[in-house]
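Undergrad: sequence and computational prediction follow.
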Amino acid sequence: MTPSLNNSQSREIYSNQQGIHDNLEKVVRKHLTFEFKKPPAKHTVSAFNRVSDLISAKQMPIIFDSCCGTGFSSRIIARQHPHHWVIGLDRSAKRLNKEDQEPLPDNCLIAQVDCVDFWNLAVKADWQLEKHFLLYPNPYPKSAQLKSRWHGHPAFVNLLKLGGDLEVRSNWQIYIQEFAEALRIAGQSCSGCEVYNPNEGDQKLEAVKPAEEYLTLFERKYHQSGQTLFRCLSSLRF
Ligand SMILES: C[S@@+](CC[C@H](N)C(=O)[O-])C[C@H]1O[C@@H](n2cnc3c(N)ncnc32)[C@H](O)[C@@H]1O
């Protein structure tokens, strides 16, 4: 079953930014220096405890699919990695509870959480990821919204600390250019901003998939609207 999200054409992102934000380096360096102190929301603590209990029943490497939306991608990734736990995280109950979805594979868990808090709890519990997908995060394209983008957010440091092979995809080139630059500022190596074509085999992260299969519903919508997609890959070492 391939659920429909919204087959309408999607317009390219408009921003008042022409390139990498002037304040990116300052913002990232500040976050690298300060300890993250925000107390986690109760519902995310409960969800984290539930996920911890479930995964402790069977020791397997962990993959995060952060901002997973409906969890469409989490299901695909879980089927591609039957010997990993795949944990799909999203704050939207409406998206996660969408009706026409495949059943969850046994190795896939979905949690309605704020990633900011979940990542923090996972770092405090010393979790180390094998892979981390961040697929089409909200772009927050206005220049004034830099600190809402993941690479401009204080939680970026926890994202780095979680480690693993990170893959970030976006239909906004500047988002990926900034993300790659933020990784560089933090001393991480990465692929830079590369064009991602969903119809080509994906050898870099061994994610073998049929040529026409999209990893997410937003990816399908953007690609079918003729938009160019971008991505950045990094093996995080903190
Ligand atoms: C553009 S959608 C992409 C969803 C999915 N990855 C896809 O490609 O279809 C961005 C998602 O990020 C989620 N999100 C944004 N900020 C979040 C946060 N702090 N914690 C958890 N989810 C968040 C939103 O609820 C939304 O589902």
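TA: Looks like it arrived, so ask away. The structure presented is a predicted model; accordingly, all values stated were derived computationally and were not measured.
Undergrad: what's Lys124 sitting at in phi/psi?
TA: Dihedral pair for Lys124: phi -60, psi -30, per degrees, to the nearest 10.
Undergrad: oh, I was asking about Glu178
TA: Main-chain torsions, Glu178, degrees, to the nearest 10: phi -70, psi -40.
Undergrad: neighbours of it, how many?
TA: Applying other Cβ atoms under 10 Å, we find 25 residues neighbouring Glu178. Any C-beta I mention is one placed from the backbone N, CA and C, and that applies to glycine too.
Undergrad: quick one: pLDDT of it?
TA: If you check Glu178, the pLDDT there is 98.
Undergrad: kindly report the same for Gln9.
TA: You'll see Gln9 listed with a pLDDT of 78.
Undergrad: show me the contacts for the nearest residue to it once chain neighbours are set aside.
TA: Taking Cβ to Cβ, 6 or more residues apart in numbering, and ignoring the residues beside it in sequence, Gln9 has Ser225 as its nearest neighbour in space, at 4.7 Å. Residues near Ser225 by Cβ atoms under 8 Å, 6 or more residues apart in numbering: 9-11.
Undergrad: out of the residues you listed, which end up buried?
TA: Buried by 16 or more other Cβ atoms under 10 Å: Ser10, out of those.
Undergrad: tabulate the contacts of Ser225 (a markdown table), appending secondary structure.
TA: Output for the contacts of Ser225, formatted as a markdown table (DSSP: H, G, I helix; E, B strand; the rest coil):
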| residue | secondary structure |
| --- | --- |
| Gln9 | coil |
| Ser10 | coil |
| Arg11 | coil |
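Undergrad: which among the contacts of Ser225 gets closest to Val45?
TA: Among these, Ser10 lies closest to Val45 (Cβ to Cβ), at 35.4 Å.
Undergrad: ok, now how distant is the residue nearest to that closest one when sequence neighbours are not counted from the ligand?
TA: Spatial nearest neighbour of Ser10, chain neighbours left out: Ser225 (4.4 Å); criterion: Cβ to Cβ, 6+ apart. Noted for Ser225: a distance of 14 Å to the ligand, by Cβ to the nearest ligand atom, to the nearest Å.
Undergrad: so how far is Gln17 from Ser225?
TA: To Gln17, Ser225 is 21 Å away according to Cβ to Cβ, to the nearest Å.
Undergrad: Asn120: what's it in contact with?
TA: 36, 38, 40, 155, 158.
Undergrad: again, 6 Å this time
TA: With contact taken as Cβ atoms under 6 Å, 6 or more residues apart in numbering, Asn120 is in contact with Asn158.
Undergrad: SS state for it?
TA: helix.
Undergrad: need the pLDDT of it.
TA: Looking at Asn120, its pLDDT stands at 97.
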